[in-house]
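Q: What shape does this take:
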Amino acid sequence: MGDLDKLSWPVSRVGEALEALARTGDLAPRSVEVPPPPHSLARDGAEGLGRWIEATAGSLGFEAEPVDVPYAEVERLVRSAGPALLRLPGAGEPHFLALLSGRRRAVSILGPDHLLHRLRPDVICRALCHELEQLHRAQVGQLLGAAKVPKRRQARARVAILHERLSPVRLDGGWLLRLPPGASIWRQVRQARLPRHLLGLLGAHTVQYFLALLAWWLVGRGALEGRLDQGWLLAWALILLTTVPFRLLTTWSQGVLAIGAGGLLKQRLLYGVLRLE
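A: So this is what the prediction gives:
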């Protein structure tokens, strides 16, 4: 929690956090002066804070989409939401985490020093769920004591009971930062990382065909020279076996590219339809 306090942005710098997160997250914000948030923003509650953040994001040329998630999906949000602005629960002045990107073992956070920091996802999940869990922790502890659960098993049992009891409860996750639907198609393609998947598809496809040609060249050469011994057959089999992971990578890249491009096309079509008179 102490590390998160150092890496979080206070509400007085939330406009600066939005701009810095957009620049680092490839949202290409407009070069406009972001006004400082009003002093009453911390007292306006979640609704007033949300309106100010969404309006500021609009002036910078992107969208801040509010999101709330069930307790059971907080970890998935932390790993896949970036770029996003996550509000840390707690009394006093609101604080925010500028989430850039996430992986299974670590997520990237943009700190108030404008440097990237790596954190484990469970650290952020505990901070987001701490207040909600505290409301039920004492009752769960009494239940485990009455059931005479051994101390060495209480931690796992407590996590399982809290997960079962709090799964449908929804938490205010913060705001997802996204390009507007009317942005240029190239910016949206880059944000969806489609060029990277296209290059991966072309590379895996090229290697796969090169290995297949090499395998059949070895067999043909051995057959024409009349010395198709065990070594040549073993090399042929190993090369064919090597093509399997590249074939899987090709199939996976095709699926990701098709889903990403199809989703982007549907989004733009829906945006255009909704703008019709």
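Q: can you give me the mean pLDDT across stretch 241-252?
A: Regarding stretch 241-252, the rounded mean pLDDT is 89.
Q: Which positions within that stretch qualify as buried?
A: 243, 246, 249-250 (16 or more other Cβ atoms under 10 Å). The way it works is simple: take the backbone N, C-alpha and C, and place the C-beta from them, glycine included.
Q: what helices or strands is the lengthiest helix in the chain leaning on?
A: When the chain is parsed with DSSP state H, its longest helix is helix 230-274. Using 3 or more Cβ pairs under 8 Å, 6 or more residues apart in numbering; DSSP states H and E, the elements in contact with helix 230-274 are helix 185-191, helix 194-225.
Q: three-state assignment of His114?
A: coil (DSSP: H, G, I helix; E, B strand; the rest coil).
Q: Before we move on, what's the pLDDT of the residue nearest to it when sequence neighbours are not counted?
A: Distances taken as Cβ to Cβ, 6 or more residues apart in numbering put Ala20 closest to His114, at 5.8 Å, once the chain neighbours are dropped. Ala20 is assigned a predicted lDDT (pLDDT) of 86.
Q: Kindly report the same for Pro94.
A: At Pro94, pLDDT is 80.
Q: Surely it and Trp52 touch.
A: No: using Cβ atoms under 8 Å, Pro94 makes no contact with Trp52, being 11.3 Å away.
Q: In TSV, list the buried residues of stretch 241-252 along with distance to Leu166.
A: As requested, the buried residues of stretch 241-252 are exported to TSV (distance: Cβ to Cβ, whole Å):
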residue	distance to Leu166
Thr243	47
Phe246	44
Leu249	39
Thr250	42
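Q: Would you tell me which one of these comes nearest to Glu73?
A: Checking the buried residues of stretch 241-252 against Glu73 by Cβ to Cβ gives Leu249 as the nearest, at 28.5 Å.
Q: Could you check how far His39 is from Ser12?
A: As for His39, its distance to Ser12 is 8 Å (criterion: Cβ to Cβ, to the nearest Å).
Q: Settle it for me: which of those two has more neighbours?
A: Ser12 (14 against 9; other Cβ atoms under 10 Å).
Q: Verify the contact between that one and Pro37 for me.
A: Yes: assessed by Cβ under 8 Å, Ser12 is found in contact with Pro37 at 6.5 Å.
Q: Count the neighbours of Glu75 for me.
A: Residues within reach of Glu75, counting by other Cβ under 10 Å, total 17.
Q: Without its sequence neighbours, what residue ends up closest to it?
A: In space, Glu75 is closest to Cys125, 5.1 Å off (Cβ to Cβ, 6+ apart).
Q: Which helix or which strand is home to the one you found?
A: Taking DSSP states H and E as the definition, one finds Cys125 inside helix 121-146.
Q: Which positions within the helix or strand immediately after that helix in the chain qualify as buried?
A: Sequence order places helix 151-166 as the next helix or strand after helix 121-146, per DSSP H and E. Using 16+ other Cβ under 10 Å as the burial criterion, the residues of helix 151-166 that qualify are 158, 161-162, 166.
Q: which residues sit in contact with Ile124?
A: Ile124 sits next to 4, 78, 86, 97, 99, 107 when contact means Cβ atoms under 8 Å, 6 or more residues apart in numbering.
Q: hang on, the earlier thing: the residue nearest to His114 is in what secondary structure piece?
A: helix 14-24.
Q: what comes into contact with that helix?
A: Residues contacting helix 14-24 (Cβ under 8 Å, 6+ apart): 9, 27-29, 34-37, 41, 53, 56-57, 60, 62, 64, 83, 85, 94, 96, 98, 100, 110, 112, 114, 116, 177.
Q: Please narrow those residues to those residing in strands.
A: Cross-referencing the contacts of helix 14-24 against strands under DSSP state E gives 9, 64, 85, 96, 98, 100, 110, 116, 177.
Q: with those residues in mind, which one is nearest to Gly203?
A: Leu100 (25.9 Å).
Q: ok, how many other residues are close to the residue nearest to the closest one when sequence neighbours are not counted?
A: Closest residue in space to Leu100, ignoring its immediate chain neighbours: Ser108 at 4.1 Å, by Cβ to Cβ, 6+ apart. Other residues within reach of Ser108, judged by other Cβ under 10 Å, total 18.
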